[in-house]
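Peer 1: sequence below, structure please.
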Amino acid sequence: QVQLVESGGGLVQAGGSLTLSCAASGGTFSTYSMGWFRQAPGKERELVAAISWVGIGTYHTDSVKGRCTISRDNAKNTVYLQMNSLKPEDTAVYYCAASSRGTRFEYDYWGQGTQVTVSS
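Peer 2: A predicted model of the protein is given here:
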């Protein structure tokens with residue numbers, strides 16, 4: 001059983017930056033592909049970014065390309081989401097997730113989420 005704990009959310013002004021972290025425990029972190037999702041009020045959860053087991057392959061949804069970067073440190077069992085040039089529409093609860101299937105489409109474990117609020 002993998003436990004995921006997100007941190008780093010908060011309130012930031014538009015144009016600002018945040019780095020989200022997700023610490024994993026209870027499993028072999030380097031065998032999981034990882035993803036960051038977000039869910040805004042009244043909207044469906046969406047995949048923001050994903051990263052492969054060793055961090056070579058990454059995916060960023062179009063709305064965050066050029067502004068957000070996913071990375072991981074397998075020695076620290078942690079995945080990060082660096083977010084720059086934040087916009088009010090980035091406001092959401094951000095979740096990290098782990099997949100044992102080597103895909104960005106299906107995830108087995110989820111964190112509890114961290115709130116990101118971007119003020120205009």
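Peer 1: tell me how far the ends of stretch 100-109 are from each other?
Peer 2: Using CA to CA, to the nearest Å, the end-to-end distance of stretch 100-109 comes out at 9 Å.
Peer 1: contacts for it?
Peer 2: 1-4, 27, 31-33, 35, 47, 50, 52-53, 59, 97-99 (CB atoms under 8 Å, 6 or more residues apart in numbering). (C-beta placed from N, C-alpha, C; glycine too.)
Peer 1: which stretches of this protein have low pLDDT?
Peer 2: Along the chain, the model assigns pLDDT under 70 to no residue.
Peer 1: centre-most residue in it?
Peer 2: W36 (2.5 Å; CA atoms, centre = their mean).
Peer 1: for C22, see how far away A49 is.
Peer 2: 11 Å (CB to CB, to the nearest Å).
Peer 1: which neighbours do these two have in common?
Peer 2: W36, L81.
Peer 1: could you list which residues are in contact with I70?
Peer 2: I70 touches 34, 36, 48-51, 58-60, 79-82, counting by CB under 8 Å, 6+ apart.
Peer 1: equivalent analysis for S120, please.
Peer 2: Counted by CB under 8 Å, 6+ apart, S120 has contacts A14, P88.
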